[in-house]
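Q: quick one, what's the 3D model for this:
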Amino acid sequence: MNLPNALTYSHTLLSECVGPGDTVVDATVGQGHDTIFLANLVGKTGHVIGFDIQQAALDETQQQLVLTGLGAQVDLHATGHENVGDFLAPDERVAAAVFNLGYLPGGDKSVITRPTTPLTAVKTLLPHLPRGGRIILVVYAGHPGGPTERDAVVDFCQALPQKDYQVLRYGFINQIHTPPFLLAIERR
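A: This next block holds a predicted model:
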């Protein structure tokens, strides 16, 4: 048995804190894998709010939602995740949120996440987390601009107050080609 990679481990961490009826955020819909995973976790009574700036990603995900019968509990938005606050009621609880930072695999590699947008979104989401709620960031830094984003996100997470949040960093350190790593923020 092998240790799970960052993406696989993100699903383990999400499945521990998300259940039927919960509201969750897929901040970077991409190819829809996390969206489908979250829709299954929250069930018919839950709500997945998804964001992507690439319409092709949203279209592909919407098609998969129709094919799997999971579309009813998912709302997809063609806007950046930094606007998540526009889609949440002030007192709404978000059990979890997931981000895949970098670029859409197989997509336009010039369209990448930048440090300001995920940090704005995370700052907006933190007050919505219940105790035990998690924000998962899978950080892909092996592209132009990736190291800058990685450093900004890590610096932000390291500065979160320990009395309010636990932050885990998980990833392989002996692999070539800048493997992704995971940051998990959990509200205490």
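
Q: which residues of the protein score low on pLDDT?
A: 103-114 (pLDDT under 70).

Q: using the three-state scheme, assign the most centrally placed residue in it.
A: Ranked by distance to the mean C-alpha position of the chain (Cα atoms, centre = their mean), the top residue is Val98 at 1.6 Å. Reducing the assignment at Val98 to three states with DSSP: H, G, I helix; E, B strand; the rest coil gives strand.

Q: can you map out the strands along the protein?
A: Assigned by DSSP state E, the strands in the chain fall at 23-26, 47-51, 74-77, 96-101, 134-139, 165-171, 181-187.

Q: the ones you listed into JSON lines, with extra columns for distance to Pro115?
A: From N, CA and C alone the C-beta is placed, and that goes for glycine too. As requested, the strands of the chain are arranged in JSON lines below (distance: least, Cβ to Cβ, whole Å):
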{"stretch": "strand 23-26", "distance to Pro115": "19"}
{"stretch": "strand 47-51", "distance to Pro115": "17"}
{"stretch": "strand 74-77", "distance to Pro115": "21"}
{"stretch": "strand 96-101", "distance to Pro115": "9"}
{"stretch": "strand 134-139", "distance to Pro115": "11"}
{"stretch": "strand 165-171", "distance to Pro115": "17"}
{"stretch": "strand 181-187", "distance to Pro115": "13"}
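
Q: circling back to that earlier point, wait, isn't the residue nearest to the centre of the chain in contact with Ser10?
A: Yes: taking Cβ atoms under 8 Å as the definition, Val98 is a contact partner of Ser10 at 6.2 Å.

Q: between the two, what contacts are shared?
A: For the pair Val98 and Ser10, residues contacting each of them under the criterion Cβ atoms under 8 Å, 6 or more residues apart in numbering are 34, 136, 138.

Q: if we can go back for a sec, residues in a beta bridge with the residue nearest to the centre of the chain, which ones?
A: Taking DSSP bridges, one finds Asp26, Ile136 as the beta-bridge partners of Val98.

Q: which residues are in contact with it?
A: Counting by Cβ under 8 Å, 6+ apart, Val98 makes contact with 10, 14, 24-28, 34, 38, 135-138.

Q: adding distance to Asp151 and neighbour count, write these out as TSV.
A: As requested, these are arranged in TSV below (distance: Cβ to Cβ, whole Å; neighbours: other Cβ atoms under 10 Å):
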residue	distance to Asp151	neighbour count
Ser10	20	26
Leu14	25	21
Val24	27	28
Val25	24	27
Asp26	24	28
Ala27	19	28
Thr28	19	28
Asp34	24	27
Leu38	28	29
Ile135	18	26
Ile136	19	26
Leu137	13	31
Val138	16	23
